[in-house]
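Participant: the sequence and its predicted three-dimensional model are supplied below.
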Amino acid sequence: MTTALAATEIVSQLSAQFPGAVEEAGTDAVLVKGEHLPAVVEYLKTAAGLKFDYLNFITAVDYYSYFEVVYRLTSLEFNRYIVLKTRCYTRNKPSVLTLTGIYQGADWQEREIYDLMGISFKGHKNLKRIFLWEGFDGHPLRKDWNR
Amino acid sequence: MTTTQELTLKTEPFILNIGPMHPSTHGVFRMRATLDGEVVTDIEPVFGYLHRGIEKLAEERTYTGIIPFTDRLDYLSPMSNNLGYCLAVEKLAGVKVPERGEYIRIITAELQRLANHCVAIGAMFNDAGAYFTPFLYMFRNREKIYDLFDMLCGQRVTYNYMRIGGVSQDLPEEFLPAVAKFLPQLKKFLDEYEFFVKQNEVFVARSKGVGILSKELAINCGISGPVARASGIKHDLRRDDPYSIYDRFEFDIPTAENGDCFDRFYVRVQEMRQSVRILEQAIKQVPDGPFRANVPQVIHPPAGESYAHIESPKGELGYYIVSDGSIAPYRFHIRPTSLINLGALRNMVRGWKVADLIFIFGSIDITMGEVDR
């Protein structure tokens, strides 16, 4: 069984490594500040005993007052997973840092989020729409998108 | 003798557009291939020709009303898609599936894996240039599985069979004997098929060492399923994160080391044998009792979120659902196996010829319905 890495266990480790990076530690997810995200992920991927080398998926949710980007990482070696979240509090051109430098698999998923949710990923080398055509009006997965 | 360099010919890369309407692109896949002579130097996939906005549409449907959409994701394995979705909602709403329902689900999901691999392997031979003979041999068996599903729910392609808390209707009396009769036939066929193909010099020459995907790159790209296992990643959610009742069956996880096209073919054939093994165990153990839990037609799961993933025939298929307590999901995200598995295609095809590009692409086994959603 792929077990969840308890947030309490990892939060103290992360807070020691990156002071101020953890915004909130829930029961099943760790909320990380946007500017620290790539560093935290890089640490989770490479640190001995963690080895979260596999990115399951990235997605984003629109909660009106903020956008939440959700990352699920798995460690194939230890058969554990962790869910990371980060928030953007603006509706006008929200952006988070890209993970394409850490996981190649993040490339198209970030483009998908950009296309459908309108969150741009800073540092992404080829950030353009993936499913819809250039010039499409708006980002349909946003809750205020008007058909 | 003058060489090309002395002449300083002006050269420029040739860009070839393949697809979206092309018989070897498994639907509406399109790629812009940059060629140097006949050698592929780069490709750029272009998506979106089958984008139906299922994630958005789902936000306006009841939880049960979404099940038919999942049929239309990976239309070569709708039962698996149904299963993954129902598991995610059941996790969210805390529904327990009765024993008989669990067994029916496993039987249909494994039959679906067999049907999917029939197409995957058959289509791979088409892409290799063995036009339609190996394909139709495989299709003959897929047809038998489709007849079984027809018996079960009256549908041949989009089944809409599973429900939250079980399945839509009980097994007909003649179903299990029909499966029991089919399995030995399939086993015999697989032996025969593998014998013919493995010693075929042309196929071996076309596939061994072609389109190698290294283990490190596969992990980095998040690749799953038979493609990952052919690269030596022994990861199968049926064993590593058992869902439903998979922990009760004995089966092996076939892997290979080279990560080339041949290994991807070979792993799939071995997986079909393992599915037959699971089915043989499952059909003997099906208990009596209800096939569906008592779930209201319109459910209101509590607010929260859930992620359930299954080992679909193509790899890790996941559903991430955010609920706000109403009758429709607040956010519905599908982890698309096919899209993520394509992530390393660019690295795999560089340096190979155009004919190999088609073959390598075919060996990944994707469905555009799931890529574009």
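Facilitator: Sure, I can see it. All figures in this text were calculated on a predicted structure; none of them were measured in a lab.
Participant: now A:Val11: closest residue in space that isn't a chain neighbour?
Facilitator: Nearest non-adjacent residue to A:Val11, counting by C-beta to C-beta, 6 or more residues apart in numbering or on different chains: A:Ala25, 4.3 Å away. Where C-beta positions appear, they are placed from N, C-alpha and C, glycine not excepted.
Participant: need the per-residue pLDDT for the closest residue to chain A within the stretch 151-300 of chain B.
Facilitator: Going by C-beta to the nearest C-beta, chain A is nearest to B:Gly222 of the stretch 151-300 of chain B, at 3.4 Å. With respect to pLDDT, B:Gly222 scores 90.
Participant: surely it touches A:Tyr54?
Facilitator: Yes. Counting by C-beta atoms under 8 Å, B:Gly222 touches A:Tyr54, with 6.1 Å between them.
Participant: about what we covered before: what about the residue nearest to A:Val11? Give its phi and psi, please.
Facilitator: A:Ala25 has phi and psi values of phi -120, psi 110 when expressed as degrees, to the nearest 10.
Participant: list the contacts of the closest residue to B:His235 other than its chain neighbours.
Facilitator: Leaving aside its chain neighbours, B:His235 sits nearest to A:Leu76 (5.7 Å; criterion: C-beta to C-beta, 6+ apart). Residues touching A:Leu76, when contacts are defined by C-beta atoms under 8 Å, 6 or more residues apart in numbering or on different chains, comprise A:51, A:53-54, B:219, B:233, B:235.
Participant: show the buried residues in the residues you listed.
Facilitator: Among the contacts of A:Leu76, those buried by neighbour count (16 or more other C-beta atoms under 10 Å in any protein chain shown) are A:51, A:53-54, B:219, B:233, B:235.
Participant: so who does B:Lys181 touch?
Facilitator: Applying C-beta under 8 Å, 6+ apart to B:Lys181 gives no contacts.
Participant: how is it assigned, secondary-structure-wise?
Facilitator: helix (DSSP: H, G, I helix; E, B strand; the rest coil).
Participant: now A:Leu31
Facilitator: A:Leu31 ends up strand, using three-state DSSP.
Participant: over to B:Asn116?
Facilitator: What three-state DSSP gives for B:Asn116 is helix.
Participant: distance of it from A:Thr74?
Facilitator: Here B:Asn116 is placed at a distance of 24 Å from A:Thr74 (C-beta to C-beta, to the nearest Å).
Participant: give me the more crowded residue out of these two.
Facilitator: Higher neighbour count among B:Asn116 and A:Thr74: B:Asn116, with 28 against 25, using other C-beta atoms under 10 Å in any protein chain shown.
Participant: and the helices in chain A?
Facilitator: Along chain A, counting by DSSP state H, helices occupy A:7-17, A:37-46, A:106-117.
Participant: run through who's touching the first one.
Facilitator: Among residues not part of helix A:7-17, those counted as contacts by C-beta under 8 Å, 6+ apart are A:21-22, A:25-30, A:32, A:40, A:43, A:50, A:82.
Participant: top of those by number of neighbours, please.
Facilitator: Highest neighbour count within these: A:Val32, with 25 neighbours (other C-beta under 10 Å).
Participant: that one and A:Glu23 touch, don't they?
Facilitator: Yes. If you go by C-beta under 8 Å, A:Val32 and A:Glu23 touch, sitting 6.6 Å apart.
Participant: show the pLDDT at residue 131.
Facilitator: With no chain named, the answer covers chain A. pLDDT, A:Phe131: 90.
Participant: could you do chain B instead?
Facilitator: pLDDT for B:Tyr131: 82.
Participant: can you give me phi and psi for the residue of chain A found nearest chain B?
Facilitator: Closest contact between chain A and chain B, by C-beta to the nearest C-beta, is at A:Gly105 (3.4 Å). Backbone torsions of A:Gly105, given as degrees, to the nearest 10, read phi -60, psi -10.
Participant: contacting residues around the closest residue to it other than its chain neighbours?
Facilitator: Leaving out its chain neighbours, the residue that sits closest to A:Gly105 by C-beta to C-beta, 6+ apart is B:Gly222, at 3.4 Å. Contact partners of B:Gly222, counting by C-beta under 8 Å, 6+ apart, are A:54-57, A:103, A:105, B:340, B:343.
Participant: give me the below-cutoff pLDDT ranges for chain B.
Facilitator: Residues of chain B meeting the criterion pLDDT under 70: B:1-7.
Participant: enumerate the residues of chain A near chain B.
Facilitator: Proximity of chain A to chain B, by C-beta under 8 Å from any C-beta of the partner chain, involves residues A:1-2, A:53-57, A:59, A:61-62, A:70, A:72, A:76, A:79, A:83, A:103-105, A:107-109, A:112, A:116, A:129-133, A:140-141.
Participant: inside strands: which ones of those residues?
Facilitator: Counted as lying in strands by DSSP state E, out of the residues of chain A next to chain B, are A:54-57, A:59, A:61-62, A:70, A:72, A:83.
Participant: farthest pair within the residues you listed?
Facilitator: Greatest spacing in those, by C-beta to C-beta: A:Tyr54 and A:Asp62 (26.6 Å).
Participant: where does chain A dip in pLDDT?
Facilitator: For chain A, applying pLDDT under 70 flags the ranges A:1, A:4-8, A:147.
Participant: contact partners for B:Asp263?
Facilitator: Contacts for B:Asp263 (C-beta under 8 Å, 6+ apart) come out as B:230-231, B:256-257.
Participant: most surrounded residue in those residues?
Facilitator: Ranked by neighbours (other C-beta under 10 Å), the contacts of B:Asp263 are led by B:Ala230, which has 28 neighbours.
Participant: what helix or strand is the closest residue to that residue other than its chain neighbours on?
Facilitator: Take B:Ala230 and drop its neighbours on the chain: the residue closest to it by C-beta to C-beta, 6+ apart is B:Asp263, 3.9 Å away. Assigned by DSSP states H and E, B:Asp263 belongs to helix B:261-285.
Participant: kindly report the same for B:Gly209.
Facilitator: Element membership for B:Gly209, per DSSP H and E: none, as it lies in no helix or strand.
Participant: strands along the stretch 1-150 of chain B, start to end?
Facilitator: B:14-18, B:30-36, B:39-46 (DSSP state E, counting those that start in this stretch).
Participant: I misspoke; the intended subject was the stretch 151-300 of chain B.
Facilitator: B:162-163, B:166-167.
Participant: ok, and what's touching the first one?
Facilitator: What it means is strand B:162-163. Strand B:162-163 has contacts (C-beta under 8 Å, 6+ apart) with B:64, B:67, B:79, B:82-83, B:85-86, B:105, B:108, B:168, B:292, B:295.
Participant: which of those residues are buried?
Facilitator: With burial judged by 16+ other C-beta under 10 Å, the buried subset of the contacts of strand B:162-163 is B:64, B:67, B:79, B:82-83, B:85-86, B:105, B:108, B:292, B:295.
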